[in-house]
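Novice: Curious how this folds, go ahead:
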Amino acid sequence: MSQTTAARTRGSRPPAAPRAGRLWLLWGVAAGLLGFAATILFDVRPWTEADYERGGVLIAAAEDMPNLDPMGNQLGFLFGFAAVACLLVLHGAWRVRTERVRNSVASRVFSAGLVTSAAGLTFGYGWKGSLALYGHGGPEFGSFGDEGLLVFYALTDFGAFIPWFGVLVSLGALAAMAWVERSVSRILGTLLAGLVLLVTAGYIVTGVPGLAGPVGGLGLAFASLWMLVGRRGVAIGDRVATHQVAAASAESGAEQRR
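Specialist: Predicted coordinates for the structure are as follows:
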């Protein structure tokens with residue numbers, strides 16, 4: 001084993017992958033931005049901003065169903081399913097690129113959080129598509145009365161918000177990778193830890209289960225972009241490669257001595 005290889009193996013901070021080899025992180029950027037659009041920008045309500053500004057408790061009823069925008073729900077459904085597909089591709093790429101380290105629990109938690117969100121969001125965005133399909137102005141309007149449409153609306157109320165909790169857990173795992181394993185930028189890890197703690201405090205104080213919805217997608221896009229263009233990147237896979245090269249060099253040296 002060469003002195004250079006030995007030094008790299010003993011180093012506490014593994015080397016980062018070249019930026020050209022991190023393009024798979026664009027799937028995280030796409031998943032986050034598409035998810036934010038589907039969840040927040042196409043969050044269809046029967047009221048206007050003026051109604052909110054006037055204050056008071058806004059109660060959805062069956063008679064409000066004609067006021068729902070079918071196009072908004074349709075776009076939310078399409079953008080949302082695209083976000084789910086990107087989450088699953090990111091999950092696969094993450095496992096191939098980083099999960100070759102057997103003792104990295106945080107890396108596995110990150111990918112598990114992505115799958116958790118993808119599963120829940122499939123239903124959340126699917127309800128949006130169902131409401132666009134059966135609602136007023138939809139191609140199958142009349143299959144349900146307004147009372148039935150109200151049920152679909154109730155499912156969409158938090159359906160695209162709550163499942164982002166899985167991504168919130170993933171962001172917390174990245175923070176652990178930064179501070180425990182040093183395989184991600186510690187600046188990024190600190191920012192993500194602050195975000196996770198802030199949302200967690202919101203859960204405790206307000207009891208609102210959908211708080212991860214507005215920040216989960218943007219947080220994932222931000223973290224993916226940081227790891228893509230930053231100096232540190234994600235270094236777990238490189239550390240494994242370094243150990244593999246070291247082991248191969250040791251075996252080669254042993255065979256030559258024989």
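Novice: phi, psi of Thr98?
Specialist: Main-chain dihedrals, Thr98, degrees, to the nearest 10: phi -120, psi -20.
Novice: Could you check how far it is from Ser107?
Specialist: Distance, Thr98 to Ser107, using CB to CB, to the nearest Å: 5 Å. For every residue, glycine as well, the C-beta is placed using N, CA and C.
Novice: Then Thr190?
Specialist: Thr190 is 19 Å from Ser107, by CB to CB.
Novice: So between the two, which is more surrounded?
Specialist: Ser107 (26 against 13; other CB atoms under 10 Å).
Novice: State the mean pLDDT of the stretch of helix or strand that one belongs to.
Specialist: In this assignment (DSSP states H and E), Ser107 forms part of helix 105-134. In this model, helix 105-134 has an average pLDDT of 95.
Novice: next helix or strand past that helix?
Specialist: Downstream of helix 105-134 (by DSSP H and E), the next one is helix 146-159.
Novice: mind listing what the residue most central in space within the chain touches?
Specialist: Nearest to the geometric centre of the chain sits Val167, at 4.1 Å (CA atoms, centre = their mean). Taking CB atoms under 8 Å, 6 or more residues apart in numbering, we find Val167 in contact with 87, 113-114, 117, 212, 216-217, 219-220.
Novice: what does Leu218 give?
Specialist: Leu218 makes contact with 32-33, 36, according to CB under 8 Å, 6+ apart.
Novice: Kindly indicate which of the residues you listed lies nearest Pro46.
Specialist: Closest approach to Pro46 among the contacts of Leu218 (CB to CB): Phe36, at 22.2 Å.
Novice: Pretty sure that closest one sits against Gly217.
Specialist: Yes - Phe36 is within contact range of Gly217, at 3.7 Å (criterion: CB atoms under 8 Å).
Novice: Same drill for these two, tell me which one is more crowded.
Specialist: Neighbours were counted for Phe36 and for Gly217 using other CB under 10 Å; Gly217 has more, 26 against 23.
Novice: one step back: ok, so of the contacts of Val167, who is nearest Ala173?
Specialist: Closest to Ala173 out of the contacts of Val167 is Gly113 (6.6 Å), distances taken as CB to CB.
Novice: From what I see, that closest one and Gly166 are in contact.
Specialist: Yes - Gly113 is within contact range of Gly166, at 4.3 Å (criterion: CB under 8 Å).
Novice: In terms of neighbours, single out the busier of these two.
Specialist: Ranked by neighbour count (other CB under 10 Å), Gly113 and Gly166 place Gly113 first, with 25 against 21.
Novice: Quick check: the more buried one vs Val29, distance?
Specialist: With CB to CB as the criterion, Gly113 and Val29 are 17 Å apart.
Novice: ok so, going back, can you work out which residues contact both of Gly113 and Gly166?
Specialist: Shared contacts of Gly113 and Gly166, defined by CB under 8 Å, 6+ apart, are not found at any residue.
Novice: Can you pull the phi/psi pair for the residue nearest to Asp157 when sequence neighbours are not counted?
Specialist: Among residues not flanking Asp157 along the chain, Ala60 sits closest, at 7.9 Å (CB to CB, 6 or more residues apart in numbering). With angles defined as degrees, to the nearest 10, Ala60 sits at phi -80, psi 130.
Novice: and if you look at Val208?
Specialist: Per-residue torsions, Val208: phi -80, psi 120 (degrees, to the nearest 10).
Novice: That one and Gly202: what is the separation?
Specialist: Separation of Val208 from Gly202 (CB to CB): 7 Å.
Novice: C-alpha coordinates for stretch 71-91, PDB please?
Specialist: Backbone C-alpha positions of stretch 71-91 (Å, rounded to 0.1, in the frame of the first residue of the first chain) are rendered in PDB as follows:
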ATOM      1  CA  MET A  71     -57.300  22.700 -13.800                       C
ATOM      2  CA  GLY A  72     -55.400  23.500 -10.600                       C
ATOM      3  CA  ASN A  73     -56.100  20.000  -9.200                       C
ATOM      4  CA  GLN A  74     -55.200  18.400 -12.600                       C
ATOM      5  CA  LEU A  75     -51.900  20.200 -12.700                       C
ATOM      6  CA  GLY A  76     -51.300  19.400  -9.000                       C
ATOM      7  CA  PHE A  77     -51.900  15.700  -9.800                       C
ATOM      8  CA  LEU A  78     -49.500  15.700 -12.900                       C
ATOM      9  CA  PHE A  79     -46.700  17.700 -11.200                       C
ATOM     10  CA  GLY A  80     -47.100  15.600  -8.100                       C
ATOM     11  CA  PHE A  81     -46.800  12.300  -9.800                       C
ATOM     12  CA  ALA A  82     -43.700  13.700 -11.600                       C
ATOM     13  CA  ALA A  83     -42.300  14.600  -8.200                       C
ATOM     14  CA  VAL A  84     -43.000  11.100  -6.900                       C
ATOM     15  CA  ALA A  85     -41.200   9.600  -9.900                       C
ATOM     16  CA  CYS A  86     -38.200  11.800  -9.300                       C
ATOM     17  CA  LEU A  87     -38.100  10.800  -5.600                       C
ATOM     18  CA  LEU A  88     -38.000   7.200  -6.500                       C
ATOM     19  CA  VAL A  89     -35.200   7.700  -9.100                       C
ATOM     20  CA  LEU A  90     -33.300   9.700  -6.400                       C
ATOM     21  CA  HIS A  91     -33.800   6.900  -4.000                       C
END
